[in-house]
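Chemist: sharing a model that was predicted from the sequence below.
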Amino acid sequence: MSDQDLVVETVKDILSGFEPFVLTAERRWDAGLWSALADAGLTGVGLPEEAGGSGGELADAVAIVRTLAAGAGAVPVAEQLLVAGPALLAADLDLPSPEEPTTFAVADGVTVHPVDNGDGPGRFTLSGTAADVAWAGAARHVVLLVPAPAGMEGAVLALVDASSLPADDAANLAGEPRGSLVLDQVAAAGALLTDAQAGEVRARFALARSVQLAAALEQVLAWTVQYAGERHQFGRPLGKFQAIQMELAEMAGEVTAVTALTDAAVQSLDRGENVVPAAAAAKVRAGAAVEVVARLAHQVHGAIGFTQEHKLHHLTRRLWSWRDEAGSELLWSKVLAAGLLAGGPDQLWPALTRAV
Amino acid sequence: MSNSLTLAPAPRSEAAEQVRAEVREFLAAELAAGTFQTHVDTWLSGVDPAFSKKLGERGWLGMTWPKEYGGHERSAMERYAVTEELLAAGAPVAAHWIADRQSGPNLLTYGTEKQRREILPRIVAGECFFVIGMSEPDSGSDLASIRTRATRNGDGDWVVNGAKVWTSNAHHSHYGIVLVRTSPADPSSRHAGMSQLLVDLSLPGISINPIRILDGGHHFNEVVFEDVVVPGDMLLGEEGNGWHQVTAELAFERSGPERFLSTYPLIAEFGRRVAETGDAAQLAALGRLSARLLALRQMSLRIAAALDRGELPNIPAALVKDVGTTFEADVVEEVRKVVDVTPSLASPDPLARALAEAQLHQPGFTLRGGTNEILRGIVARGLGLR
């Protein structure tokens, strides 16, 4: 058993004690699951020990995120392990304790001012509204990517203590908190990023959602194949009908395409390459697969899959949400194409072979 | 997901990137010299024996085969890079395509020493071309229903009677690997009693008749066998093992970049148009197509890596071909939705020409090498449903 398999088994063991539930304003995340993961050191995996993390590889962190996504775990692990943590480290900022949930958001509606209180650079005050913040109200800290102060290029990455910020009850289609945080002269540590660095942080966020999408798509396929084998109509399992087989094969094609591309994009990130084209492609491809896989999964499951009592909605509602988060297919498809054409109109093919 | 569908990610291959650069340089020089023009779907329609010979001279045919048969003992990943570059450039590769992709590996696995020594070096040189003799007038997707028969005569030779169809470029080819019944059909064991014969297409009794595709192009043929005497030593592999051998070819036949790049030249022209207009809807469409293409590359590369490990991943190959050929066909519609252009083979606009070529070849993509319905049946088996 590889280290990664061991990590996956550990997460699965923990998950087995925390069934997915319908998220509501009263119970908006799974604090118990988070505590269990944090106690096992899993909320710091992939982040170096000297920075306060648990050590381990990017691949380990991805394995954790995938397992939690497939299990509909309502915790900000993807944000912390794949986006906020690495972005803070890349910007030479201190990590909060990995046991306290840290989320990430792009906040174009927030303005930032540098403060020189005699301790040198790296202190900012932030004001405005950060909208669509994943796990707003649940996360102790939020890493915000905000436009640079007027007259400066790039963006500021700031680590904000979110514990005392009011959050509204906005949620995505799966009930996951996506509220707004109102910042009024909030002091925070931060760092100025170049446009390219800010672009990479956005791409990391998109790749994190792609990883979650890939895992959830795989799980939905597995559930659907299983259901087609168990459910009998006209005296035989649904899966024996050719019409159903065609649908399941189409789902498998979509899932395999997403997995292959997402895995390759993660490897590209791991090699330290420019992750923007790979992440953009992965997000677009994963988002496109959602339409086919969620539609056919519900079609094969029939009416029971359309109910709240059946588990299918835990993942299909997340799929419908995640595909538009961290940048929609429309946004990333334009980023991808513009990047591929940047070398000139005759350089599309060479750009494609370098992209992932 | 069932393990039969998943493959490990492909490793990076520096050697592949090296040979990719060499092929790119070669193609740029050939294009500049005017030895070929870019077209859509050139692995069916771009027959140019002189071009095939040039590829042979550069060591780009039979790349993965043992040196003792003229091959170059390079990896499937390197071969992948070469074939991908040729297809993306819309280069004329049809003459040698089947021999290099499929017939050569088939001979390596099942051929006799004599067959290998005589034929493989000629394929490597780009001088010997092959056709696949599987489908028949009454046997399309139901391949096991073939009726072409081979019977032993008193001299131990095979006497072949029947007809094969959709044999691409038989009129330019030297050999066919022909699936025949060597025992009468047995309803209790449909896949038994078939064998593969290595047939010299110049033998007496063979007639090759054109079957024009809908744009009038002559690529397909009907190959009719009338009492054709095939020497007894031209049996390929084992008598009665034909079905198994045909199945083993499929990982090669179904997984390569030709299963998603047949319409790439249209994407390239579309890209030039988008670069010119900067139109947002066109940019988004190009991004969507690119993301699908990049996913297919990774799927196909995983299969190349599996071939390097000595595996024959038939089920993932079926999956790649289903997803890839659907993509090839979709390119036409995706481009049409965002560009106001009338397809025309004679247009001075290269985008209009590429669109016309792609449209007229489109029906073939999801049929050749196993219809997508058949492929999905194979995938369903991989999912454990059959």
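Modeler: Thanks, I have it. Keep in mind that what you see is a predicted model, and the values were worked out from it rather than measured.

Chemist: pretty sure B:Arg212 contacts B:Asn221?
Modeler: No - under the criterion of CB atoms under 8 Å, B:Arg212 makes no contact with B:Asn221, lying 10.0 Å away. Glycine gets a C-beta too; all of them are placed from N, C-alpha and C.

Chemist: more neighbours: these two, which one.
Modeler: B:Asn221 (24 against 11; other CB atoms under 10 Å in any protein chain shown).

Chemist: doesn't B:His172 make contact with that one?
Modeler: No - contact between B:Asn221 and B:His172 fails when scored by CB under 8 Å: they sit 9.7 Å apart.

Chemist: excluding chain neighbours, what is closest to B:Glu239?
Modeler: Nearest non-adjacent residue to B:Glu239, counting by CB to CB, 6 or more residues apart in numbering or on different chains: B:Ser195, 5.0 Å away.

Chemist: the one you found is in what secondary structure piece?
Modeler: Under the criterion of DSSP states H and E, B:Ser195 resides in strand B:194-200.

Chemist: ditto for A:Ala289
Modeler: Using DSSP H and E, A:Ala289 maps to helix A:276-301.

Chemist: list the buried residues in that helix.
Modeler: For helix A:276-301, the neighbour count (16 or more other CB atoms under 10 Å in any protein chain shown) marks A:276-290, A:292-294, A:296-298, A:300-301 as buried.

Chemist: show me the domain layout of chain A.
Modeler: Split into domains by automatic domain parsing, chain A comes to A:3-193, A:197-355.

Chemist: out of those, flag the one nearest B:Leu301.
Modeler: Closest approach to B:Leu301 among the domains of chain A is made by domain A:197-355 (8.2 Å; CB to CB).

Chemist: that older thread, contacting chain B as well, which ones from the buried residues of helix A:276-301?
Modeler: A:280-282, A:284-285, A:288 (CB under 8 Å from any CB of the partner chain).

Chemist: please enumerate the helices of chain A.
Modeler: Remark: helices assigned in chain A by DSSP state H are A:3-15, A:31-39, A:58-70, A:77-78, A:85-90, A:195-230, A:242-270, A:276-301, A:312-322, A:329-341, A:348-355.

Chemist: can you tell me which of those is most buried?
Modeler: Across the helices of chain A, the average number of neighbours (mean count of other CB atoms under 10 Å in any protein chain shown) peaks for helix A:77-78, which reaches a mean of 28.

Chemist: so what touches it?
Modeler: The contact list for helix A:77-78, computed with CB atoms under 8 Å, 6 or more residues apart in numbering or on different chains, reads A:37, A:42-43, A:64-65, A:68-69, A:208-209, A:211-212.

Chemist: got those as a markdown table, with pLDDT columns?
Modeler: Shown next, in a markdown table, are the contacts of helix A:77-78 (pLDDT from 0 to 100):
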| residue | pLDDT |
| --- | --- |
| A:Leu37 | 98 |
| A:Leu42 | 98 |
| A:Thr43 | 98 |
| A:Ile64 | 98 |
| A:Val65 | 98 |
| A:Leu68 | 98 |
| A:Ala69 | 98 |
| A:Ala208 | 98 |
| A:Arg209 | 98 |
| A:Val211 | 98 |
| A:Gln212 | 98 |
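
Chemist: out of the helices of chain A, nearest to B:Leu351?
Modeler: Per CB to CB, nearest to B:Leu351 of the helices of chain A: helix A:348-355, 13.3 Å.

Chemist: any residues touching the closest one, and which ones?
Modeler: The contact list for helix A:348-355 (CB under 8 Å, 6+ apart) reads A:277-278, A:281, A:336, A:339-343, B:20, B:24, B:84, B:88-89, B:264, B:267-268, B:271-272, B:290, B:293-294, B:297.

Chemist: so that helix versus helix A:276-301, what angle?
Modeler: Computed by axes from the mean of the first three to the mean of the last three CA atoms, to 10 degrees, the angle separating helix A:348-355 from helix A:276-301 equals 80 degrees.

Chemist: what is the mean pLDDT for helix A:348-355?
Modeler: Mean pLDDT, helix A:348-355: 97.

Chemist: now swap in stretch A:18-30 and tell me
Modeler: Stretch A:18-30 carries an average pLDDT of 95.

Chemist: how about stretch B:45-53?
Modeler: Stretch B:45-53 shows a mean pLDDT of 98.

Chemist: what sits up against that stretch?
Modeler: Taking CB under 8 Å, 6+ apart as the rule, stretch B:45-53 contacts B:30, B:35-36, B:39, B:61, B:90-96, B:125-127, B:129, B:169, B:172, B:217, B:219, B:361.

Chemist: flag every buried residue along that stretch.
Modeler: Under the neighbour-count rule (16+ other CB under 10 Å), stretch B:45-53 has B:45-48, B:51-53 buried.

Chemist: what is the least confident helix or strand in chain B?
Modeler: Of all helical and strand segments in chain B, the minimum by mean pLDDT, DSSP states H and E falls on helix B:242-255, at a mean of 88.

Chemist: and the angle from the helix holding A:Ala289 to helix A:195-230?
Modeler: For helix A:276-301 against helix A:195-230, the angle by the same axes, to 10 degrees is 20 degrees.

Chemist: got the CA coordinates for stretch B:353-371 in PDB?
Modeler: Provided in PDB are the C-alpha atoms of stretch B:353-371 (Å, rounded to 0.1, in the frame of the first residue of the first chain):
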ATOM      1  CA  ARG B 353     -12.300  24.900 -47.300                       C
ATOM      2  CA  ALA B 354     -11.300  23.100 -44.100                       C
ATOM      3  CA  LEU B 355     -14.900  23.300 -42.900                       C
ATOM      4  CA  ALA B 356     -16.100  21.800 -46.100                       C
ATOM      5  CA  GLU B 357     -13.600  18.900 -46.000                       C
ATOM      6  CA  ALA B 358     -14.400  18.200 -42.400                       C
ATOM      7  CA  GLN B 359     -18.200  18.300 -43.000                       C
ATOM      8  CA  LEU B 360     -18.000  15.900 -45.900                       C
ATOM      9  CA  HIS B 361     -15.800  13.400 -44.000                       C
ATOM     10  CA  GLN B 362     -17.700  13.800 -40.700                       C
ATOM     11  CA  PRO B 363     -20.000  10.700 -41.000                       C
ATOM     12  CA  GLY B 364     -17.000   8.400 -41.200                       C
ATOM     13  CA  PHE B 365     -15.300   9.400 -38.000                       C
ATOM     14  CA  THR B 366     -17.800   7.700 -35.700                       C
ATOM     15  CA  LEU B 367     -18.100   4.600 -37.900                       C
ATOM     16  CA  ARG B 368     -14.600   3.500 -39.000                       C
ATOM     17  CA  GLY B 369     -12.800   1.100 -36.800                       C
ATOM     18  CA  GLY B 370     -15.900   0.100 -34.900                       C
ATOM     19  CA  THR B 371     -19.000   2.200 -34.600                       C
END
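
Chemist: what subset of the contacts of stretch B:45-53 is also close to chain A?
Modeler: Taking CB under 8 Å from any CB as the test, chain A is in contact with none of those.

Chemist: so which of those belong to strands?
Modeler: B:His219 (DSSP state E).

Chemist: so among the contacts of stretch B:45-53, which ones count as buried?
Modeler: When these are checked for burial by 16+ other CB under 10 Å, the buried set is B:30, B:36, B:39, B:61, B:90-96, B:125-127, B:129, B:169, B:172, B:219, B:361.

Chemist: neighbours around the residue of chain B found nearest chain A, how many?
Modeler: Going by CB to the nearest CB, chain A is nearest to B:Gly287 of chain B, at 2.8 Å. Neighbours of B:Gly287 under the rule other CB under 10 Å: 27.

Chemist: am I right that it sits in a helix?
Modeler: Yes - counting by DSSP: H, G, I helix; E, B strand; the rest coil, B:Gly287 is found in a helix.

Chemist: list the contacts for it?
Modeler: Neighbour list for B:Gly287: A:280, A:284, A:332-337, A:340 [criterion: CB under 8 Å, 6+ apart].

Chemist: looking at the residues you listed, spot the one nearest A:Gln233.
Modeler: Checking these one by one against A:Gln233 (CB to CB), the nearest turns out to be A:Val284, at 36.5 Å.
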